[in-house]
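Student: predicted model follows, preceded by the sequence.
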Amino acid sequence: MDIEQRIQDFKETFLPEKFEWRRGQKEAIKQIVETYFEGKYKIVVLDAPVGSGKSIIAMAVSWILNKRDKNGYILASDITLQEQYEKDFKSMNLNWGSVKGIDNYDCNDNGERLSMGTCKIRNKRPRSMPCYNDCQYYSARDKASDSETSLLNYAYWLIMMNYVQGSIENPPFETRDFMIADEAHKIVDIVQSHYSPKFDKLMNRKFERLTNFFNDHNMKNHDLDFVTLKNLITQLETSEVALTLFDILKKIEIILRSYLRSVSVLKDKVDKEYKSSEPPKKWKAILKTGDWLKDFHCKIEDYIEIIDKTSIDHLIKNPNGEDIVFNCLFESYLMHKYFHKWSDFTVLMSATFADPKEYLRSIAISGAKYIKMESNFNFTKSPIYFYNKRKMSYSQIDANLPWLNKTINSIIFKHKGERGVIHTASYHLAMKIWDGLSKQNKNRVLVYSGTEEKRQVLEQLKRFPDKILMGPSLLEGIDLKDDWSRFQIFAKVPYLSLGDRFVKAKMDRNPAWYRNKAVIAILQGTGRSVRSETDWAVTYILDGALSDLIHRSPAAFPVEFRSRVKLIRE
């Protein structure tokens with residue numbers, strides 16, 4: 001196969017007439033396709049900076065492999081990225097299918113989210129429903145299933161591969177010849193989250209509602225189950241012995257199974273008693289709780305199997321406020337069981353792998369073809385000013401806080417009339433900085449607590465020309481191109497919190513992983529404000545701990561970062 005000709009065919013068929021390949025883009029496509037057919041490596045790591053055109057590379061590689069009768073997936077890390085790909089498909093006339101989780105679609109029959117659609121609440125086979133052919137979800141799913149290349153997000157793909165594929169005849173999605181995973185630095189965290197059950201403060205109330213409803217409607221009496229379940233959850237909260245916790249989880253799983261049987265009976269009852277009408281609002285609320293219960297039970301069941309197959313030593317009870325999350329420390333098992341085995345050839349793409357060797361270790365891969373693309377950006381107007389004299393560690397932050405506040409006030413004043421971002425690593429530090437802002441600067445700085453407030457202040461930032469967004473969760477997932485951000489401040493190196501037991505356990509096993517996560521956070525954060533070849537922004541890092549990070553992990557910082565650093569000795 002003449003790969004060069006295939007690349008040219010892709011360009012002429014799908015890309016605008018005046019399109020020009022970016023530096024290294026065509027070469028990356030060629031190397032990936034060659035690696036596929038050589039067969040030496042099953043994994044390709046594509047280290048491609050922001051602006052290098054990863055999505056074009058993914059689509060070109062997929063199309064070329066399709067031409068050789070190879071089918072595959074493009075995986076997106078979240079819905080936002082998936083929708084960006086969908087727009088690219090449409091603009092380029094690539095007739096590939098894309099599908100998201102069912103609750104991104106409404107039921108045509110009853111107007112509810114599809115998890116509460118008519119077929120779901122009545123235990124009906126979707127294909128038996130008269131609305132099947134008009135259903136947005138099933139139409140999208142079937143098109144994606146039939147496509148040579150299908151666009152899915154990680155969460156949906158994990159469900160299709162690990163649950164649906166082995167449970168029904170003719171599953172819509174099965175193992176394919178190749179898979180291209182975008183934002184691949186997030187994979188381990190996504191897989192870990194998918195198999196980490198969480199006990200929240202509202203759980204007892206949900207089971208109480210289920211119990212009362214089943215009693216009121218003369219179904220199974222779950223009073224004893226409810227009392228036992230509450231006691232078991234209390235024991236989970238108080239116990240710290242791994243073997244005891246594991247035994248409690250197994251007992252909880254048995255009780256959840258009993259509740260699920262009643263939920264299934266309820267669905268049959270809905271179809272019998274409300275055959276030609278919608279069930280009452282209270283019934284629908286219980287069915288929604290039952291849908292949550294199904295997912296929760298699945299996580300508990302999987303987690304028990306994971307710990308049983310690995311070791312009780314890998315069980316981590318991780319309190320998080322009023323919630324308790326259970327993690328598995330043996331992540332290589334998770335990656336092989338739930339991710340790697342479903343693809344014969346995988347391309348992992350990201351702008352922020354940091355140290356590629358440490359990344360491969362984190363995803364439990366021992367060998368891969370590594371492709372590094374150079375940045376196309378001109379960073380001459382985007383220096384990184386590093387203040388290395390004072391550290392903002394837990395033990396030193398209070399002593400250095402007056403200097404930190406003074407410096408942040410000075411930087412904000414210097415960028416009068418410009419939008420910016422202040423990365424604080426925690427809400428606690430954000431409020432300390434807020435207290436130290438001048439009255440004039442407080443009028444410019446937008447702080448938030450929670451996802452909804454974050455969305456609101458982000459809209460304010462974009463409406464007003466001199467606003468500044470401040471908080472701990474601004475390192476990924478926001479696009480502050482051009483005048484939306486002309487400067488950014490790192491008040492602290494964004495190390496993960498060691499108050500998180502899972503983070504602490506992972507760091508104790510592998511300090512390099514902990515450092516690599518901090519580097520990735522810095523690279524992601526600096527990339528929020530420089531989004532294209534013509535974009536620019538000034539970055540200030542006020543935590544001297546960056547010196548230690550660069551010294552211990554020099555290979556993790558790309559040359560385009562290191563070359564921009566200007567030392568400020570204050």
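Tutor: Alright, I've got the coordinates.

Student: wait, a helix at Met160?
Tutor: Yes. Assignment of Met160 by DSSP: H, G, I helix; E, B strand; the rest coil places it within a helix.

Student: burial of it, as a residue count?
Tutor: Number of residues near Met160 (other C-beta atoms under 10 Å) recorded here: 22. C-betas here are computed from N, CA, C, even on glycine.

Student: residue contacts, the residue lying closest to it once chain neighbours are set aside?
Tutor: Using C-beta to C-beta, 6 or more residues apart in numbering and skipping residues adjacent in sequence, the residue nearest Met160 is Phe173, 4.1 Å away. Phe173 is in contact with 73, 144-145, 150, 152, 157, 160-161, 164-165, counting by C-beta atoms under 8 Å, 6 or more residues apart in numbering.

Student: now restrict the residues you listed to buried residues only.
Tutor: Buried subset of those (neighbour count, 16 or more other C-beta atoms under 10 Å): 73, 144-145, 150, 152, 157, 160-161.

Student: where's the residue nearest to Met160 relative to Ala144, distance?
Tutor: From Phe173 across to Ala144, the span is 8 Å (C-beta to C-beta, to the nearest Å).

Student: list residues touching both of those two?
Tutor: Contact criterion C-beta under 8 Å, 6+ apart; residues shared by Phe173 and Ala144: 150, 152.

Student: give the next helix or strand downstream of the helix-or-strand element of the chain with minimal mean pLDDT.
Tutor: Lowest mean confidence among the helices and strands of the chain (mean pLDDT, DSSP states H and E): helix 451-463, at a mean of 88. For helix 451-463, the following helix or strand on the C-terminal side (DSSP states H and E) is strand 468-471.

Student: that following strand: partners in the sheet, and parallel or antiparallel?
Tutor: Using DSSP bridges, strand 468-471 pairs in its sheet with strand 420-423 (parallel), strand 445-446 (parallel).

Student: how far away from the center of its chain is the next helix or strand after that strand?
Tutor: For strand 468-471, the succeeding helix or strand toward the C-terminus, using DSSP H and E, is strand 487-490. Strand 487-490 has its C-alpha centroid displaced from the chain centroid by 24 Å (C-alpha atoms, centre = their mean, to the nearest Å).

Student: give me whichever of the strands paired with strand 468-471 is most buried.
Tutor: Greatest average neighbour count among the strands paired with strand 468-471 goes to strand 420-423 (a mean of 27), per mean count of other C-beta atoms under 10 Å.

Student: which ones among the buried ones among the contacts of Phe173 are found in strands?
Tutor: The strands, defined by DSSP state E, take in 73, 150, 152 from the buried ones among the contacts of Phe173.

Student: which among the contacts of Phe173 gets closest to Pro356?
Tutor: For the contacts of Phe173, the minimum distance to Pro356 (C-beta to C-beta) is 22.7 Å, reached by Tyr73.

Student: ok, the closest one - contacts?
Tutor: Neighbour list for Tyr73: 149-152, 157, 173, 176, 178-180, 343 [criterion: C-beta under 8 Å, 6+ apart].

Student: now Ala76
Tutor: Applying C-beta under 8 Å, 6+ apart, one finds that Ala76 lies in contact with 82, 84-85, 151-154, 182-183.

Student: write the PyMOL selection for whichever of the residues you listed are buried.
Tutor: One line in PyMOL is enough to select the buried ones among those; burial here means 16+ other C-beta under 10 Å:
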select buried, resi 82+85+151+152+153+154+182+183
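
Student: farthest-apart pair in the contacts of Ala76, please.
Tutor: Gln84 and Tyr154 (15.0 Å).

Student: any buried residues in stretch 510-529, and which?
Tutor: Under the neighbour-count criterion of 16+ other C-beta under 10 Å, stretch 510-529 has 512-529 buried.
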